[in-house]
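Participant: test case, fold it:
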Amino acid sequence: MKTGVYFCNCGTIISDQIDSERVRADVIEDGGNAAYFKTCSLLCSEDGKQFLENELKEERPDRVVVAACSPREHEKTFMRVLSAAGVNPYLFQMVNIREQVAWVTPDRDKATEKATRQIRAAMARVARQEPLEKKELEINPDVIVIGAGPAGLKAALTIAEAGRKAVLVEKSPVLGGLPVRYEEISPTMECGPCMLEPMLGEVLHGEYAERIEILTSSEVADVVGSYGNFSVKIRQAARHVDLGRCIGCGECITPCPATTNNGFNLGLGTKKAIDFPFPGALPSAPYLDPDACVRYKGEDCRACKDACVVDQEVINFDETDRVLERSAGAVILAVGSSLYDCTKVPNLGYGTVPDVRTSLEFERLMASNGPTDGELKTSDGRAPETIAIIHCVGSLDKNHKQYCSGVCCEYAFKFNHMIAKKSADAGIIHFYRELVMPGKDGFSLYQKAKDNPNSSWVRYDDIGAINISAAGGKPNISYTDSAGGRGGVAADMVVLCPAIVPSGASERLGALLDVSRDRFGFFEELHARVDAAQSKIKGVYLAGTCQAPMDIQKAVNSGMAAAGYVLSGLIQGRKLELEPITAAVDEERCSGCRVCVSVCPYKAISLDPAKEAASVNAALCQGCGTCVAACPAAAIKGNHFTNEELVAEMEGVLR
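Facilitator: Numbering: from 1, shown residues only. Predicted coordinates for the structure are as follows:
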C-alpha cells in the first residue's frame, strides 16, 4: 500500500518548531511505512493546493496523510483537492501539528517527537480506512408549513416566491394567528389586521398564490419519511362552505336561528352557527359549526342555504371530514404558542372574580370587531374608572415559569396607551415584578405610560403577594409591595399578563415528528444561538413562538430563516447528496433490542420488522457514533470511525 505524507510548514509557524527532516527520517528511513514524504511552504494556498493536486496525479498514492493545521479549518479543503486529483477523499487523514503541537510544545525536540507520533498514528489509521462514496437521493422540493400565523405565512410566501410549492396547514378556519385579533400592535400601534393584510393578500390572491395550497380547519395527522421525502397525512374538518364559490357576502348569517359562544372572542360574545370567526377574517367566507347548528340536532333547517345569493350548492350540509395526503421535502413548524393558565395562580381570582381578564381577552374587548365593538366596558356594562394591569403572571417564578416572555411588558404599556385614548380619566395601576423593554423601539410606550399622570406603579417580589377578591361586584386588590408595605385598591377591571407557553399542539406534533422539546415544552433548536431555525431532526425547521417567546418581528424573521434553510438545502432539479460517514448495522449480529433506537439523538434508526434488525436512515444520520457506543452486541459500526481504525491510531501513537 502506497502512502504519501505531505508536511505543511505553514509559512514558518510549524517549521520553526518542528524539524521536518527528522520526522521524514523516522516515518520513512527508520522503519516507517510511508512511501514518500514531501514538504510544502503553505499547503492551503492556491499554489499549495495546485502543488498537492499535481503531486497526487503524479504519485498516485493509495492513501494520503496531510500534516498541517486543524481539520476543522482545512480538512474539507484538502478533500476537495483529492477529489479533483481522482483520489477517494475518504482515503485521507489529516494531522493537526500546528494547534496541537507547534503552538503548545515549546521544546523543539519534544515537538518533533510528538509530531512524528501523530503522523505515525495517522498512517496506521489511514491504512484501514475504506473508500467511502457519497450517495444521491431524489428529493421533493415542496414544503409543508404547519401554522398560518405571521411566521408560517412569511415562510410559505418566501417558499412560493422562490418558485416552490408550499402547503399551509392551519387548524382554525382563519389565517393570521393571534395578531389578526389585535386592534393595535406595539410599539408602533399599527392595526394588527392591517399590518398582516398585505401578506395575507399575497398568500390568498397574489402573484405566487397558486403555489400555496391553503388548508384551513386542518391538522397534521401522520408523518413518515425523512429529509427530502416526507409523506404527510392531513385531517381537514368540514367547513360546509365552498371557499372557491363563496363571495363572503354574509347573507346566510342573519336568518340562522342558532347562536353559540364565539371562541375567537374567547367566549366573551356570541356568533351564529354559520358565521365569520370575526369581521374581516380571511379567507372571507363563513364556516358552519355542526355542534351549534340545529340541523345536526334533528331539525330540518336550511335557512342559510336558502339565503345564499350565489348558489345553494355553496353550502353543503353533507360535507364530511377528509384525510389528505401530501408529499414534501421539508416541514416547517410554526404552530405558535399559548398563554399560561391563570387559574394556576388562584390568588388572582381569574375565573372566580368578575372582570379579571387575561391580556388576550382584553385585546378582544378593545378591538372594534370584538364583542363590545371596541367600547371599554365591564361585565355589567359600566365604563371602568380604575384598571389594574398585573405583569409577570406566571413568569420569572420558580413555582410557575422561570423564564421571562419578553413581550408582556411591551403590550402592557400598549394597554396603558389604549386605555388612555378611550378613557382619558381612567386610573391605571401597574403591578410589576420586573420591567423589560427590549429593542430600539420598546422604550417609547413605556415612556408614555410613565408620563401619564393617571398611571401609578407598584413593584412586588412574588405573585403570591397579590390577592384579588370580589367586593361589591368588583375586583378588590390587596398586596404587599417589594419594600414590605401593604396596600389595597378597588379596581373596576384587572388585566393579567400571563407567561407565553407552548401551544397545545406542540406535544402531539413533537411526538409525531420526533422533534425534541426543551424543559419548558418549546421545540428545541439544533443550536439556540447559531442554528435556531433548525430542529434536531434534519428537514424539520422551526419558526415563530413555537420555539420560544418572541415578538412579531422576530417571528417573521424566523419564518424567513426557516424558508432559507429549505431553499438552500432542497434545490429544485438537484439530488440530495448524502455524507457517507454514517452508522451501519450488521444485521446478522443485531438482536433487535432497540437500544440504538432509544439513544439516537437524530431519530435516524428504526427497527425493520421484516428483518427484526435495526436500520439506519442515511438521510438523517449525522455519524455521531452514539449508537455504536451503546450497542451491546457491537452490531453497529461507524463508517470512517471503525474500531479497527481507532485502535490502529492509538497503537501508532504509542509505538
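Participant: quick one: contacts for Gly472?
Facilitator: Ala490 (CB atoms under 8 Å, 6 or more residues apart in numbering). Heads up, the C-betas are built off the backbone N, CA and C, glycines and all.
Participant: gap between it and Gly163?
Facilitator: 64 Å (CB to CB, to the nearest Å).
Participant: what does Pro346 give?
Facilitator: Pro346 is 54 Å from Gly163, by CB to CB.
Participant: again with Leu654
Facilitator: Counting by CB to CB - Leu654 and Gly163 are separated by 57 Å.
Participant: and Ile132, what does it touch?
Facilitator: Careful, residue 132 is Leu and not Ile. Asn88, Tyr90, Pro580, Ile581, Asn639, His640.
Participant: how much space separates it from Val64?
Facilitator: For Leu132, the distance to Val64 - CB to CB - is 14 Å.
Participant: over to Ala111?
Facilitator: 23 Å.
Participant: who has more neighbours out of these two?
Facilitator: Of the pair Ala111 and Val64, Val64 is the one with more neighbours under other CB atoms under 10 Å, namely 28 against 21.
Participant: give me every residue that touches the nearest residue to Asp586 once chain neighbours are set aside.
Facilitator: Leaving aside its sequence neighbours, Asp586 sits nearest to Ala635 (CB to CB, 6 or more residues apart in numbering; 4.8 Å). By CB under 8 Å, 6+ apart, the residues touching Ala635 are Val585, Asp586, Glu587, Arg589, Cys590, Ser591, Ala614.
Participant: one more pass at 6 Å, please.
Facilitator: Asp586, Arg589, Cys590 (CB atoms under 6 Å, 6 or more residues apart in numbering).
Participant: who wins on neighbours among those?
Facilitator: Neighbour max across the contacts of Ala635 (other CB under 10 Å) = Cys590, 20 neighbours.
Participant: might one say that that residue is in contact with Ala613?
Facilitator: Yes: assessed by CB atoms under 6 Å, Cys590 is found in contact with Ala613 at 4.0 Å.
Participant: which neighbours do these two share?
Facilitator: Going by CB under 6 Å, 6+ apart, no residue sits against Cys590 while also sitting against Ala613.
Participant: so how far is Ser478 from Asn316?
Facilitator: Distance from Asn316 to Ser478, by CB to CB: 56 Å.
Participant: ditto for Leu137
Facilitator: Relative to Ser478, and taking CB to CB, Leu137 is found at 65 Å.
Participant: what about stretch 532-545, how long is it end to end?
Facilitator: 12 Å (CA to CA, to the nearest Å).
Participant: how distant is that stretch from the center of its chain?
Facilitator: Chain-centre distance of stretch 532-545: 4 Å, with CA atoms, centre = their mean, to the nearest Å.
Participant: show me the domain layout of this protein.
Facilitator: In terms of domains, the chain is parsed into 3-126, 134-237+321-336+503-575, 239-319, 339-500, 579-639 (source: automatic domain parsing).
Participant: among those, which comes closest to Val647?
Facilitator: domain 3-126 (9.1 Å; CB to CB).
Participant: just how off-centre is the closest one within its chain?
Facilitator: 42 Å.
Participant: next: stretch 612-627.
Facilitator: So, by CA atoms, centre = their mean, the centroid of stretch 612-627 is 23 Å from its chain's centroid.
Participant: pull the residues that contact that stretch.
Facilitator: 226-227, 538, 578, 581-583, 585, 587, 590, 592, 596, 599-600, 602, 604-608, 636, 638.
Participant: write the PyMOL selection for whichever of the residues you listed are buried.
Facilitator: Burial among the contacts of stretch 612-627 is assessed by 16 or more other CB atoms under 10 Å; the matching PyMOL selection reads:
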select buried, resi 226+227+538+578+581+582+583+585+590+596+600+602+604+605+607+636+638
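Participant: so of the contacts of stretch 612-627, which ones are in helices?
Facilitator: Among these, DSSP state H puts Cys596, Val599 in helices.
Participant: what distance do you get for the spatially most central residue of the chain to Lys536?
Facilitator: Centroid check for the chain by CA atoms, centre = their mean gives Leu542 as the closest residue, at 1.8 Å. Separation of Leu542 from Lys536 (CB to CB) stands at 10 Å.
Participant: and Thr372, by the same measure?
Facilitator: Taken as CB to CB, the span from Thr372 to Lys536 is 45 Å.
Participant: Ala367 too?
Facilitator: Ala367 is 39 Å from Lys536, by CB to CB.
Participant: please apply the same query to Val530.
Facilitator: The gap separating Val530 from Lys536 is 14 Å, by CB to CB.
Participant: repeat that for Leu200.
Facilitator: 32 Å.
Participant: who has more neighbours out of the two?
Facilitator: Leu200 (21 against 18).
Participant: which residues touch the more buried one?
Facilitator: Contacts of Leu200 by CB under 6 Å, 6+ apart are Leu175, Leu282.
Participant: got it, and Lys49?
Facilitator: Applying CB under 6 Å, 6+ apart to Lys49 gives the contacts Val81.
Participant: in space, what's closest to Ala426 - neighbours in sequence excluded?
Facilitator: Ile419 is the one closest to Ala426 (CB to CB, 6+ apart), at 5.5 Å.
Participant: three-state assignment of the one you found?
Facilitator: Put simply, Ile419 is helix when judged by DSSP: H, G, I helix; E, B strand; the rest coil.
Participant: next one: it, what pLDDT does it get?
Facilitator: Here, the pLDDT recorded for Ile419 equals 95.
Participant: equivalent analysis for Asp311, please.
Facilitator: The model's pLDDT for Asp311 equals 87.
Participant: how many neighbours does the closest residue to it other than its chain neighbours have?
Facilitator: Leaving aside its chain neighbours, Asp311 sits nearest to Arg245 (6.2 Å; criterion: CB to CB, 6+ apart). Other residues near Arg245 come to 13 when the count uses other CB under 10 Å.
Participant: and Arg245, how far is that from Glu319?
Facilitator: Taken as CB to CB, the span from Arg245 to Glu319 is 13 Å.
Participant: same deal with Glu361?
Facilitator: Distance, Glu361 to Glu319, by CB to CB: 32 Å.
Participant: so those two - more neighbours on which side?
Facilitator: Glu361 (21 against 15).
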